[in-house]
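Enquirer: fold the following and give me the result.
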Amino acid sequence: MAESVAQRVRHSVTVKAPAEAVFALIADVERWPYVFPPTVHAERLELTGSDERIRLWALANGEVKTWTSRRNLDRDRLSVRFRQEITQPPVAAMGGEWVLEPRSEQETLVVLHHDYRAVGDDPEGLRWIRQAVDRNSRAELDRLRGAAELDGGLEELTLSFEDSVRIRGAIGDVYAFLADAARWPERLPHVARLELREDVAGIQEMEMDTRTADGATHTTRSVRVCFPEHRIVYKQTVVPAAMAGHTGEWLLREQPDGTVLATSRHVVLIDRAGVAKVLGDQATVDEAKAIIRTALGKNSRTTLEHARTYAEERAHG
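Expert: Here you go, the predicted structure:
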């Protein structure tokens, strides 16, 4: 039976930024989770010259899908070609290309091409893919434009930090405490409510009400990807005010002395307009970073301390 003809679609946006700066955002896939709304987590598996192999976890029509792709980064042509090598139904094949066309020193046309086929050429599968590609492409191009046009650049608005504790217990017990987030309301003082779904093993969707220092609560939604028993990565899909994006990670590493080093990592993209709305027109990005660092760091350290108590009590009976 002859292979079906691939469906092809094109999306584009004009960005008021130099083509090289836009290319850098597209090329740096590890930034995608806090820049692009659909991307939950991204890992670079291999890099050889201009060729790389990546794995992505992303939202598609409200579902978390994962796939592995190969990309070619052509800086001379200002293009990034991609092709999925391991797909997930209903996708049978997916590829495409980012093409950047400089219109001036400070303006770039970004064109995103896709070609795809559905498993068994199923019409419903084709409809699902077409909707996901259209929705995600529009979201990615819109956020790409926003990130490239940021006043002061992406670096000024990015906050990265981590906190660690050393635990004299089993790594499996520490991981179990962090993975079983459904029990956090009874275990953690800052968690007022938490609803968790895990329809696919290792992929968790959660909605959480967090208590603030003044006794109020704010609601966040997150998607978590679990790697037993060493790592949980997550992305907040609904973030508090003053944030444009927030990703995090719980990382567990066994030490030579038998302890476990448990680390919480955060990357936050500050929303400059949100800062003014929450903290006032005179508030600076640095002030917002300090407040966010304190609040997130406190909650993360509290979680790690309770995980330590849980694991050490189990280790010592």
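Enquirer: what strand or helix carries L154?
Expert: In the assignment (DSSP states H and E), L154 maps to helix 153-156.
Enquirer: now the lowest-mean-pLDDT helix or strand in the chain: buried residues?
Expert: Here the helix or strand of the chain ranked lowest by mean pLDDT, DSSP states H and E is helix 153-156, holding a mean of 87. Across helix 153-156, burial judged by 16 or more other C-beta atoms under 10 Å covers L154. All C-beta spots, glycine's among them, are computed from the backbone N, C-alpha and C.
Enquirer: quick one: contacts of that helix?
Expert: 25, 31, 35, 147, 150, 269, 285 (C-beta atoms under 8 Å, 6 or more residues apart in numbering).
Enquirer: redo these as CSV? Include neighbour count, distance to L100 and pLDDT.
Expert: Putting the contacts of helix 153-156 into CSV (neighbours: other C-beta atoms under 10 Å; distance: C-beta to C-beta, whole Å; pLDDT from 0 to 100) gives the following:
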residue, neighbour count, distance to L100, pLDDT
L25, 21, 10, 95
R31, 21, 17, 93
V35, 22, 16, 91
A147, 23, 14, 93
L150, 18, 18, 87
L269, 20, 22, 95
V285, 16, 28, 94
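Enquirer: closest to A244 among the residues you listed?
Expert: L269 (4.4 Å; C-beta to C-beta).
Enquirer: pretty sure that closest one is in a strand, no?
Expert: Yes. Looking at L269 with DSSP: H, G, I helix; E, B strand; the rest coil, it is inside a strand.
Enquirer: pairing partners for it in the sheet, please.
Expert: T158, G245 (DSSP bridges).
Enquirer: quick check, it in contact with A242.
Expert: No. Contact criterion C-beta atoms under 8 Å: L269 and A242 do not qualify, at 10.3 Å.
Enquirer: and the helices in the protein?
Expert: 19-27, 32-35, 123-148, 153-156, 171-179, 184-187, 272-279, 285-315 (DSSP state H).
Enquirer: okay, those, which one's buried deepest?
Expert: Compared across the helices of the chain, helix 32-35 shows the largest average neighbour count, a mean of 24 (mean count of other C-beta atoms under 10 Å).
Enquirer: roughly how far out does the least confident helix or strand of the chain sit from the chain middle?
Expert: How far helix 153-156 lies from its chain's middle: 18 Å, per C-alpha atoms, centre = their mean, to the nearest Å.
Enquirer: what's the answer for stretch 267-286, then?
Expert: Remark: stretch 267-286 is offset 21 Å from the chain centroid, using C-alpha atoms, centre = their mean.
Enquirer: residues contacting that stretch, please?
Expert: Residues external to stretch 267-286 that are found in contact with it (C-beta under 8 Å, 6+ apart): 33-35, 150-152, 154, 156-160, 241-248, 287-289, 291-292, 296.
Enquirer: pull that stretch out as CSV, backbone CA atoms only.
Expert: In CSV, the C-alpha atoms belonging to stretch 267-286 read as follows (Å, rounded to 0.1, in the frame of the first residue of the first chain):
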residue,chain,number,x,y,z
VAL,A,267,13.3,29.1,36.8
VAL,A,268,10.9,32.1,36.7
LEU,A,269,10.2,34.5,33.9
ILE,A,270,9.1,37.8,35.3
ASP,A,271,6.0,39.6,33.9
ARG,A,272,7.0,43.3,33.9
ALA,A,273,3.4,44.4,33.5
GLY,A,274,2.3,42.1,36.2
VAL,A,275,4.9,43.5,38.6
ALA,A,276,3.5,47.0,38.2
LYS,A,277,-0.1,45.7,38.7
VAL,A,278,0.8,43.8,41.9
LEU,A,279,3.6,45.9,43.5
GLY,A,280,2.9,49.3,42.0
ASP,A,281,4.2,51.3,39.1
GLN,A,282,7.5,52.1,40.9
ALA,A,283,8.4,48.5,41.7
THR,A,284,11.4,47.2,39.9
VAL,A,285,12.1,43.8,38.4
ASP,A,286,14.8,43.2,40.9
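Enquirer: and the residue positioned nearest the centre of the chain, what does it touch?
Expert: By C-alpha atoms, centre = their mean, the mean C-alpha position of the chain lies nearest to P33, the distance being 2.7 Å. By C-beta under 8 Å, 6+ apart, the contact set of P33 is 39-42, 235, 245, 247, 267.
Enquirer: so what's the gap between stretch 62-82 and the chain middle?
Expert: So, by C-alpha atoms, centre = their mean, the centroid of stretch 62-82 is 16 Å from its chain's centroid.
Enquirer: what's the span of that stretch, first residue to last?
Expert: Terminal residues of stretch 62-82 lie 23 Å apart, using C-alpha to C-alpha, to the nearest Å.
Enquirer: what comes up buried for it?
Expert: Buried, per 16+ other C-beta under 10 Å, within stretch 62-82: 64-67, 69-71, 73-74, 78-82.
Enquirer: mind putting those residues into a markdown table with pLDDT and distance to S137?
Expert: Formatted as a markdown table, the buried residues of stretch 62-82 follow (pLDDT from 0 to 100; distance: C-beta to C-beta, whole Å):
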| residue | pLDDT | distance to S137 |
| --- | --- | --- |
| V64 | 95 | 18 |
| K65 | 95 | 15 |
| T66 | 96 | 18 |
| W67 | 96 | 16 |
| S69 | 98 | 15 |
| R70 | 98 | 19 |
| R71 | 98 | 16 |
| L73 | 98 | 19 |
| D74 | 98 | 20 |
| L78 | 98 | 18 |
| S79 | 98 | 16 |
| V80 | 98 | 14 |
| R81 | 98 | 16 |
| F82 | 98 | 13 |
